[in-house]
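Enquirer: Requesting a structural model of the entry that follows:
(4 chains)
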Number of protein chains: 4
Amino acid sequence: MESDDLIKAGDQVLLIDEKGKTWLVRVDVERKISTHRGELKLGGLIGLGFGSPVETHLGRKMWVLRPSIEDFIMKARRPTQIIYPKDLGFLVVRSGVRSGCRVAEAGTGSGVLTSLLAWIVQPEGHIYSYDVREEFIKVAQRNLEKAGLAGLVTFKVKSVVDGIDETGLDAVFLDFDAPWMAVENAYEALRGGGIISIITPTYNQAERTVSALADSFIDVETVEVFLRRILVRPGKTRPAARMIGYTALLTTARKILG
Amino acid sequence: MESDDLIKAGDQVLLIDEKGKTWLVRVDVERKISTHRGELKLGGLIGLGFGSPVETHLGRKMWVLRPSIEDFIMKARRPTQIIYPKDLGFLVVRSGVRSGCRVAEAGTGSGVLTSLLAWIVQPEGHIYSYDVREEFIKVAQRNLEKAGLAGLVTFKVKSVVDGIDETGLDAVFLDFDAPWMAVENAYEALRGGGIISIITPTYNQAERTVSALADSFIDVETVEVFLRRILVRPGKTRPAARMIGYTALLTTARKILG
Amino acid sequence: MESDDLIKAGDQVLLIDEKGKTWLVRVDVERKISTHRGELKLGGLIGLGFGSPVETHLGRKMWVLRPSIEDFIMKARRPTQIIYPKDLGFLVVRSGVRSGCRVAEAGTGSGVLTSLLAWIVQPEGHIYSYDVREEFIKVAQRNLEKAGLAGLVTFKVKSVVDGIDETGLDAVFLDFDAPWMAVENAYEALRGGGIISIITPTYNQAERTVSALADSFIDVETVEVFLRRILVRPGKTRPAARMIGYTALLTTARKILG
Amino acid sequence: MESDDLIKAGDQVLLIDEKGKTWLVRVDVERKISTHRGELKLGGLIGLGFGSPVETHLGRKMWVLRPSIEDFIMKARRPTQIIYPKDLGFLVVRSGVRSGCRVAEAGTGSGVLTSLLAWIVQPEGHIYSYDVREEFIKVAQRNLEKAGLAGLVTFKVKSVVDGIDETGLDAVFLDFDAPWMAVENAYEALRGGGIISIITPTYNQAERTVSALADSFIDVETVEVFLRRILVRPGKTRPAARMIGYTALLTTARKILG
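Expert: This next block holds a predicted model:
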C-alpha cells in the first residue's frame, strides 16, 4: 500500500460535511462544485492530506476523504438494482475470495459486485464479467475506471448461459434472472471445491437454483441478510425507524467432483 | 493464486458428508479420523484433487474440500465469544480493507477477526494484533498457523489503551470491553481518513464509544446485522426457525485532521 | 354481535378500490367523495350489504366494507407518533386484556391505544385515559367517537405521575416520556397480579423503567416486534423492500404483593 | 369482570420464582408441587390474594399469579406446532375479532388459537373449531377447560374442506396444510366484509392461498412477524442472542360480494 497521503490532481475524493452528506468528485484544477453549503474550488485540494478540513466560499466546513470501496459502490451510476454492502460483505467472507483469485461474474449490471470483487482480488487477481447488455457494460466500465479498478476486469458481451470461457476459477457469481440455466457452465468453469454464489430476488428463483445445484455441488446454503442502523445518541439511543427490509436471497455452494 | 489443486501431505482439508456435516483436518499419512459414518485414512487423500469424493471404511461417501476462511473461523478453537461472518463481512466492505493494507486490531481474542483481516490483506499487508491476555494470543497464533496466515500477523501482549506502536495505518479494529479508552490512540495510529471499526455488545458501550469519536472522527455510523437461513426445498420453502438474534453493534468512523 | 349487515345513514364505512387504496368515510345522504377514480355519492350506499361493489361516476369499481379497528387506528387523526398494530397486538395478548376489563392508560396521545383497548374490553369494561395535554384528549375523543367507542372511555386531563384515581385495575399502560415516574402510582392502581405495559422509544428509557419495576413487579420482560410484508405473487414471491425497522420497546411486568 | 381477587380451591394459578421460572397448577387441597426450590402445599394458597408471596418448605420465595391467556397458551399440552403470541396478537388486531364475535377455525390443533379466540370473544361470542383428528380435539378441549374457556367453543370432527356449517361469521381462521381448498367454504360462511386469516409455514402454500383468494376477497396481505427479547440491565443492555427466526406467514383478506 503506497503511502501517498497527499491529494493529487486526478484523484477521486469524497467530500463530507458536518451532517454526513457526501460528494464523490475527481480533483480537477479547473473545476468547482456547488452545494447548498457554498462553492468549493477543487484545485484547492491539491497537496492537502486526506482527512483535511476545507471551507466553502460561505465558510462552511467540509472534509476531504479517500473514497472507500463502499463509497464507489453507493455513488456509482446505477441503471440496475444494486446489491447492497450487507450482502456483498457476506458473500466475500462466504466465497473466500481474496487477493489473487480469478473470478467470473454475470450479469455485470452497473458493476457494483464487479467493483467489490476487483477490490478484493487486487493486485494480481482478475474478474471476468459477463453481460448480454452492452450498454450496461459501458456504464460498469466507467464506474470501474472511476474507482481505479478497470485494469482488473475483462468485460464480455456474452451470456454465461451460452458458456463461460475460463476454467479453473476460484469462484463464480451469478446475479441475473435465470441463474439455474448457467449452473452447468459455472460448474465447468470452477476448480474443484470452488464456490458458486447466486443472488436471487424471489423464493421461486431460489428453488429452481437450489434444484439445479443438487447433483454437482455440496454445502448448499441460502440466507438473507438484514441491516439496521442504530441512532446512537447518549441518553436517547434507539434503532432507526426506516430500514431496507429485503434485497435478495444469497445462495452459495461448493463444486464436488465425480 | 497458485493452481495446485492436488492435495499434499500437511494440507488442511475440509471433509463434508452428504448431510453437510464437516471436519477440518490436517492431512497426515499416519492419521485417520473416526466419524459416525466410519473411519477414513487421511493418507489416502494425498494426490486427489480438491472436490473429490472419498469413502469411509463403511462405504459412506464424503468429499474433500479446500477450507474457506469461514471454515477456519467457524472451526477455530474459541476461548472467547466470536464475531460472526455476517458482521465480519460487513466490516470488510465498510472499512475498505484490501490486499496490502496495514491494520491494527485489539483484542486478539481467539483470532477470528485476525484471521479474516490477514486473509484479506495478503500477500503484502500486515496485521498488528494486540491483547493483554497472553494465553489468548497463543490460541490465536495456533488458529492462524492452521489457516496458513500466521506470517501476516504480529501479535503483541499489550493493551491498546496504553498505546498503539504503529502509525499511518489504513484501519484499526477495536473489539474489547472499553474501546472508548483507545479511541485517542487509534486516532494517532491511523492515516488521515483511515477507518476505525468498533464492536460492542451493549448499547451503553456504543454510546460511550460514539461520544469518544465525536471530535476527531466523522461519518460515525452504528449498525447491527442479522442473518437468517432459508430452507429452500422445492415446493416447501421457508425460513429456518432458529436464528441468532443478536451478536454485536458495529460502529465505524473516519479520521479527520485538524 | 348484532347482525345488521346493511349500511345505514351515519355508519362509518371503508371504501376500497382494486389497488387496495382505502377511504374511511361517514355515510351521509348529502355527501359525495371525490377520488382519482371518480366521484361517489355516499347516499347510494344506504341499504347495501357490507362487502358490496359500487361504482364511481367514471364507472370504476370500489367495495364498501365495515371498518376494522385497525382501519380506525391507521386512519385516525394523529398529532402524535402512533403505536403500530404489530405492537398493539402483542400487548393485547401479553396483557391479557379482554371483554370486561378495567384499564388505565397514559398518555392518551391521539387515542390509538385507547381505541384498541376500548375495542377489546367492550361491552362492559372501561378505559381511563390520562393526558396532561387537553388538546390531545380532544383529538382522541373525536377519534373514539368516529369508531363508536367513546362511551367506553373516561378521559382525564391529569398526569399519572400525580396519581391514578382508580384502583383494582386489570391492567395499566404507560406510553409517555418518563414512565418510570408513574410506576408507583400504577402499582397502587393495579389489582394483585395485574399487568403493567410500558412503551418506550429508547433503550435508556427502558433501562430506567426496568429499574423502577424491580421491587414491586415480577416477570419483567422487554421485547421489540418487527413486521415485514411479503409480496406473494405466484412465481415471483419475495418480501417487500420497504419495512418499518423500529417503533418502540415493549416492557411488561406483573404486580406482586408484599 | 368479577373482582374475586382471593384464590379458591379449583382455581388455576401461576407460580413464579425469582428467576422467572413458572408453574401452572390447579389449586387442590390435597396436592403439593415439588420444584428444585422445594415443595409447596397448594392448599396453603387458598384465601391468599393474587400476587401474594409464598414460601416453599426450603424457605424459597415464590409468587402466586392469575394465569394470563398467554400463560395458558405457552403451557398448554401441544401435540402440534403452536402459533406464537406474536402472531396471534397481530391476527387479533388485523381480524378485528372482539367480544361477541362468531368465528370458525380449522384445524383445532392443540387449541392455542382456539383459546385466544375464545378469550377475546367472551362472554357472548362463540368459536366453531374444526379438525379431522379427533385425538387433537380431545387435547384441545382439555386445554380449553383448564383455561375456563371450553363453554365458548363448539368442536367439530370435520374437515372445513367438506363444508363449514355456520353462516354470517365475523371471521374465519385457517391453519392447516391446504387452506386454499377451504377458501370457498370460508367465503360462504363469512358475512360480507368478514375477514379470513390464514397461517401457512411455506411460501408455496402462501402462493396457492393468495391465488385462491383473488376473485372473492380484497385487501389481501401477507406478513411475517418477528419478536426479539431485549435484555434490559442498567449499564449493559443488549438484545438476546437467541431468537425464533420464523414461525409462519400470516395472510389476511376481506370478503367482497358480487
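
Enquirer: Show me how chain A divides into domains.
Expert: Here the domain parsing of chain A from automatic domain parsing is A:12-65, A:70-255.

Enquirer: end to end, how far does the longest one reach?
Expert: This stretch, domain A:70-255, spans 30 Å end to end (CA to CA, to the nearest Å).

Enquirer: Is chain D within reach of it?
Expert: Yes. Against chain D, domain A:70-255 shows contacts by CB under 8 Å from any CB of the partner chain at A:Tyr203. Backbone N, C-alpha and C define where each C-beta goes, glycine included.

Enquirer: State the mean pLDDT of that domain.
Expert: Here domain A:70-255 scores 96 as its mean pLDDT.

Enquirer: Pull the distance from that domain to the chain's centre.
Expert: Chain-centre distance of domain A:70-255: 8 Å, with CA atoms, centre = their mean, to the nearest Å.

Enquirer: Is that domain in proximity to chain C?
Expert: Yes. Contact of domain A:70-255 with chain C (CB under 8 Å from any CB) involves A:201-204, A:228-229, A:235-247.

Enquirer: Dump the domains of chain A into JSON lines; add mean neighbour count and distance to C:Glu70 as well.
Expert: Output for the domains of chain A, formatted as JSON lines (neighbours: other CB atoms under 10 Å in any protein chain shown; distance: least, CB to CB, whole Å):
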{"stretch": "domain A:12-65", "mean neighbour count": "16", "distance to C:Glu70": "36"}
{"stretch": "domain A:70-255", "mean neighbour count": "21", "distance to C:Glu70": "20"}
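
Enquirer: Dump the ones you listed to TSV, plus distance to chain B.
Expert: Below are these laid out as TSV (distance: least, CB to the nearest CB, whole Å):
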stretch	distance to chain B
domain A:12-65	3
domain A:70-255	3
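
Enquirer: Same list (those) but as TSV, adding distance to B:Asp165.
Expert: Below are these laid out as TSV (distance: least, CB to CB, whole Å):
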stretch	distance to B:Asp165
domain A:12-65	21
domain A:70-255	25
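
Enquirer: So what pairs up with the residue of the stretch 51-200 of chain A found nearest chain C in the strands?
Expert: Proximity of the stretch 51-200 of chain A to chain C (CB to the nearest CB) peaks at A:Thr200, 9.0 Å away. Judged by DSSP bridges, the bridge partners of A:Thr200 are A:Leu249.

Enquirer: which one is A:Gly89 nearest to, not counting chain neighbours?
Expert: Nearest residue to A:Gly89 in three dimensions, chain neighbours excluded: B:Gly89, at 3.0 Å (CB to CB, 6 or more residues apart in numbering or on different chains).

Enquirer: Now do the longest helix seen in chain A: everything it contacts.
Expert: For chain A, the helix with the greatest residue count under DSSP state H is helix A:134-146. With CB atoms under 8 Å, 6 or more residues apart in numbering or on different chains as the test, helix A:134-146 has contacts from A:12, A:26, A:72, A:76-77, A:79-80, A:107-112, A:114-115, A:118, A:129, A:131, A:150, A:152-153, A:155, A:157.

Enquirer: ok, 10 Å please
Expert: With CB atoms under 10 Å, 6 or more residues apart in numbering or on different chains as the test, helix A:134-146 has contacts from A:12, A:24, A:26, A:67, A:72-73, A:75-80, A:107-115, A:118-119, A:127, A:129-131, A:133, A:149-153, A:155-157.
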